[in-house]
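[1] starting from these lines, generate the structure:
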Amino acid sequence: MTAPFRHELTVTFGECDPAGVVYYPRYFDWFHRAMEAWFDQGLGFPYHQVLQQHGFPSVRAEADYKAPCRMGERVTVELGVGRLGNASVVLELTVRGSQGELKATGKVVVVVIRMDPGGAEHFKLRPLPPDLREAMARWQVDGG
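    Here you go, the predicted model:
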C-alpha cells in the first residue's frame with residue numbers, strides 16, 4: 001500500500017452532543033462514508049453500482065477515541081485494508097484533525113453478500129469478486 005485512502009469531512013452541528021463534541025456513534029457513520037467514497041474514488045467501482053449485485057454489511061465494528069472532534073472542525077478519515085478474507089474485508093480506519101493529530105482509530109469487518117431481491121441467494125455470503133479483491137489488495141496495510 002502506498003498511502004491510506006483519505007476522506008475529508010467537516011463536523012456539523014447535528015453530529016455533536018450537548019458538550020459540543022462529536023457524539024461517539026457518529027464515527028461509525030464516518031467510517032461507512034469513507035468506505036463508500038473509497039469504492040468510488042479509490043477502487044474505481046461506484047458503490048451504488050456495486051450494490052446492484054454485492055452488499056457489504058458490517059458484522060463487527062470497534063473504535064478507540066483519542067481526542068475530541070468539535071463542530072466546524074475539518075477531519076480526515078484514513079482507510080486501509082487490514083485483511084482480505086474469502087468473503088470478508090477488515091478495514092483499518094484512523095480519524096485525524098486538520099493538523100494531522102490523532103482523534104480516533106477503528107476497525108470494521110464487512111462481509112460480501114449477494115444482492116438479488118426475490119432470489120434464493122439474496123443476502124447469502126459469497127466470495128469477494130476477483131476484480132474487487134485485486135483493487136482492494138492495493139490498499140492493504142503492512143501485515144494485512
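[2] any chance you could map the helices in this protein?
    26-37, 47-50, 130-137 (DSSP state H).
[3] now for the spatially most central residue of the chain: which residues touch it?
    With distances taken as CA atoms, centre = their mean, residue 35 lies nearest the centre of the chain, 3.3 Å away. For residue 35, the contacting residues are 56, 79, 91, 108, 110, by CB atoms under 8 Å, 6 or more residues apart in numbering. (Each C-beta comes from the backbone N, C-alpha and C, glycine too.)
[4] farthest pair within those?
    56 and 79 (13.0 Å; CB to CB).
[5] hmm, back to that, now, which of the contacts of residue 35 lie within strands?
    Using DSSP state E, 79, 91, 108, 110 are the members of the contacts of residue 35 that sit in strands.
[6] make CSV out of the residues you listed and add distance to residue 137.
    Below are those laid out as CSV (distance: CB to CB, whole Å):
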residue, distance to residue 137
79, 14
91, 13
108, 18
110, 15
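[7] now the residue lying closest to residue 68 once chain neighbours are set aside: how far from residue 140?
    In space, residue 68 comes closest to residue 21 once its chain neighbours are excluded; the distance is 4.0 Å by CB to CB, 6 or more residues apart in numbering. For residue 21, the distance to residue 140 equals 33 Å [CB to CB, to the nearest Å].
[8] try residue 54
    Note on residue 54: its distance to residue 140, by CB to CB, is 19 Å.
[9] quick one, what contacts residue 98?
    Contacts for residue 98 (CB under 8 Å, 6+ apart) come out as 73, 74, 75.
[10] hey, what's residue 91 bridged with?
    Taking DSSP bridges, one obtains residue 81, residue 108 as the residues bridged to residue 91.
[11] ok, it to residue 70 distance?
    Using CB to CB, residue 91 is found at 25 Å from residue 70.
[12] same deal with residue 87?
    Using CB to CB, we find residue 87 at a distance of 39 Å from residue 70.
[13] could you dump the contacts of residue 35 to JSON lines with neighbour count and distance to residue 39?
    Below are the contacts of residue 35 laid out as JSON lines (neighbours: other CB atoms under 10 Å; distance: CB to CB, whole Å):
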{"residue": "56", "neighbour count": "23", "distance to residue 39": "9"}
{"residue": "79", "neighbour count": "22", "distance to residue 39": "10"}
{"residue": "91", "neighbour count": "26", "distance to residue 39": "11"}
{"residue": "108", "neighbour count": "23", "distance to residue 39": "14"}
{"residue": "110", "neighbour count": "19", "distance to residue 39": "11"}
